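[1] Predicted coordinates and the sequence they were generated for:
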Amino acid sequence: MLLALLAAPAMAQTCPKGPDKAPERAAIIADMQAAKTQKAASALMTAFWMNQMRAPDVRAQALLNAATAQRDQGDLAAARDTLTGLIADCPDFTEAYNQRSFVEFLASENKAALADANHVLAVAPDHLGALAGKALVLMRIGRTAEGQQVLRRAVQLDPWLPERRLLTGPSAKKP
């Protein structure tokens with residue numbers, strides 16, 4: 001079944017827009033800001049990703065799951081290709097761009113990773129994964145001050161964000 005879904009022409013099926021994830025994302029972020037422990041924040045981050053990783057339909061979910069498995073197995077080129085197909089099929093599914101940005105980051109394709117992260121943030125400015133990813137890419141390519149600024153924004157949203165350890169300077173803070 002999955003092979004049939006992956007082999008289907010990209011435009012053979014119209015992908016539904018899917019639900020607005022912003023309200024649930026905002027509620028989770030508010031809870032993260034109020035979290036008293038790393039354990040509580042970790043459970044909330046799991047909820048954040050469960051919300052984000054819900055695809056708009058069964059076919060899109062199968063493609064997203066396939067790309068995640070490909071990434072986890074180290075086949076970054078296949079994961080990127082699967083996500084590119086998913087984006088062609090479901091251009092409004094923001095998480096597909098975020099996952100492709102992550103794959104591109106892992107493959108050291110910094111320009112592409114930054115472009116996809118920027119796309120996500122244009123649609124969902126409070127997307128923690130895209131913020132953290134953009135910060136990491138910016139720091140990797142030597143745009144450290146800009147990366148620090150983006151990371152500070154992410155840590156404002158989630159004070160427990162693991163990447164907070166990369167903050168430097170007087171405004172670096174720990175929960």
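    Cool, got the structure. Numbers count the residues shown, from 1 in each chain.

[2] pLDDT of the strand or helix carrying R152, averaged?
    Assigned by DSSP states H and E, R152 falls within helix 144-157. Average pLDDT, helix 144-157: 97.

[3] so what secondary structure elements neighbour it?
    Applying 3 or more C-beta pairs under 8 Å, 6 or more residues apart in numbering; DSSP states H and E, we find helix 144-157 packed against helix 22-34, helix 128-140. In short, each C-beta sits where N, CA and C put it, glycine included.

[4] Can you give the contact residues for the helix or strand just after the first one?
    Helices and strands here follow DSSP H and E; after helix 22-34, the next one along the chain is helix 38-52. Contacting residues not belonging to helix 38-52 are listed as 21, 24-25, 28-29, 31-32, 35, 95, 98, 127-129, 158-160, 175 [C-beta atoms under 8 Å, 6 or more residues apart in numbering].

[5] What count of nearby residues applies to L138?
    Other residues near L138 come to 21 when the count uses other C-beta atoms under 10 Å.

[6] who's in contact with it?
    Counting by C-beta under 8 Å, 6+ apart, L138 touches 114, 144, 146-147, 150.

[7] per-residue confidence at it?
    L138 carries a pLDDT value of 98.

[8] Likewise for A7?
    Reading off the model, A7 has pLDDT 44.

[9] distance of A78 from R140?
    According to C-beta to C-beta, to the nearest Å, A78 and R140 sit 23 Å apart.

[10] buried set for stretch 18-30?
    By neighbour count with 16 or more other C-beta atoms under 10 Å, stretch 18-30 contains the buried residues 18, 21, 24-25, 28-29.

[11] nope, stretch 148-157 is what I was after
    Buried positions in stretch 148-157, judged by neighbour count with 16+ other C-beta under 10 Å: 148, 150-155, 157.

[12] Distance to N110 added to those, as a markdown table?
    Compiled in a markdown table, the buried residues of stretch 148-157 are given as follows (distance: C-beta to C-beta, whole Å):
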| residue | distance to N110 |
| --- | --- |
| Q148 | 17 |
| V150 | 14 |
| L151 | 16 |
| R152 | 21 |
| R153 | 20 |
| A154 | 18 |
| V155 | 22 |
| L157 | 23 |
